[in-house]
Structure formats: C-alpha cells, structure tokens
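**Q** make a model of this:
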Amino acid sequence: MELEKVKELVELMKANELSELEIVDGQLRIALRRGGSQPQVMMTSASSVSTASPVVQPTSTTEKGEDEKLTAIKSPIVGTFYVAPSPTAEPFVKVGATVNDDTVVCIIEAMKVMNEVKAECSGTIKKILVENGAAVEFGQSLFLIEPA
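**A** Numbering: from 1, shown residues only. So this is what the prediction gives:
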C-alpha cells in the first residue's frame, strides 16, 4: 500500500475521532491505532496473522452462582463509557449504591453526543464491569445489580 493512502487513512481517523481502524485487502492487513497524538501503523500480510482464541477469565462456582442472580445493565449503543458527567465530578454510582428505574448510572459518548444511561430497574449496584473511558459495544454488560 502506498504511503499516501496510509496518510489519508490516518487523516480520516483524526477527522472522525476513531481510535482504531483495521483493513484487510487480499493478503494485506493494515491496523491503525491511535492512543496518543500520533497514530500507530501496523502492516502485515494476511497469511502471517494468527487467529487466537479469546481469553476467558475463570470464575469460581460460587461467584458464577452469585452473578446469575444479578441483573445486568447493558449498553444501549456503541461508544465511550464514562462513570461521571465530567473528569472532576463524582461518579454517578458506586458499588453498593441503591438505584431505581430513573437513576442515571453512566454516560456513553457517541459521535460527540453524551447519552445518559438509566438503571431501568431497582436494586443495589454489585459490580461495575467497565473501566472509565473504555469503548463499549451495543449490548455489552456495564453493571451488575442485585434486584430489590
């Protein structure tokens, strides 16, 4: 791939505030990742890319049994997860907090729009499953709640 094409892709990432981009074209694979001010470029041939199994964290049977009794609050959209309305503000909720249907538990930023996520059930926050500032997918579990 030509250097100019890579530069165009980097500019598109900046303009659209993308943190990752991956393109596979035949035997060529390009993965672009932005973490700081300069994007990282990784180019490999498709034949050298290994397919790894996802890492599964083992859980004890008691923990798994406890988690099955909990209700998950899931992400309604793809975006960036934030626990507070601003970097200096207190989190919306912490582990042990009591919530009801209308309690805002986090914000998910998508396309520069801050979307409030409400608990939509009553109970106690038992686990926060996502770190502040992490990318989340549609339907991804964000919190586990013990229903009231």
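**Q** all helices of the chain, in order?
**A** 3-15, 61-68 (DSSP state H).
**Q** pick out the shakiest of those, pLDDT-wise.
**A** Among those, helix 61-68 carries the lowest mean pLDDT, a mean of 54.
**Q** contact partners for residue 74?
**A** For residue 74, the contact set (CB atoms under 8 Å, 6 or more residues apart in numbering) comprises 139-142. (Glycine included, C-beta is placed from N, CA and C.)
**Q** again, only this time at 6 Å
**A** Under the criterion of CB atoms under 6 Å, 6 or more residues apart in numbering, the contact list for residue 74 reads 139, 141.
**Q** for it, give the beta-bridge partners.
**A** Beta bridges link residue 74 to residue 141, judged by DSSP bridges.
**Q** any idea how far residue 15 is from it?
**A** 30 Å (CB to CB, to the nearest Å).
**Q** and residue 104, by the same measure?
**A** Applying CB to CB to residue 104 and residue 15 gives a distance of 31 Å.
**Q** so those two - more neighbours on which side?
**A** residue 104 (13 against 8; other CB atoms under 10 Å).
**Q** low pLDDT regions in the chain?
**A** 1, 26-27, 35-67 (pLDDT under 70).
**Q** might you report the residue contacts of residue 98?
**A** Residue 98 sits next to residue 124 when contact means CB under 6 Å, 6+ apart.
**Q** how many neighbours does residue 71 have?
**A** Around residue 71 there are 17 residues (other CB under 10 Å).
**Q** once you drop chain neighbours, what's closest to it?
**A** residue 145 (4.8 Å; CB to CB, 6 or more residues apart in numbering).
**Q** would you map out the domains in the protein?
**A** As assigned by automatic domain parsing, the chain contains the domains 3-48, 70-147.
**Q** just those: most buried one?
**A** domain 70-147 (a mean of 15; mean count of other CB atoms under 10 Å).
**Q** what's the first-to-last distance across that domain?
**A** Start-to-end span of domain 70-147 (CA to CA, to the nearest Å) is 7 Å.
**Q** from residue 86, how far off is the residue nearest to residue 71?
**A** 24 Å.
**Q** cool, residue 99 as well?
**A** 20 Å.
**Q** ramachandran angles for the closest residue to residue 125 other than its chain neighbours?
**A** Nearest non-adjacent residue to residue 125, counting by CB to CB, 6+ apart: residue 97, 4.8 Å away. With angles defined as degrees, to the nearest 10, residue 97 sits at phi -70, psi 140.
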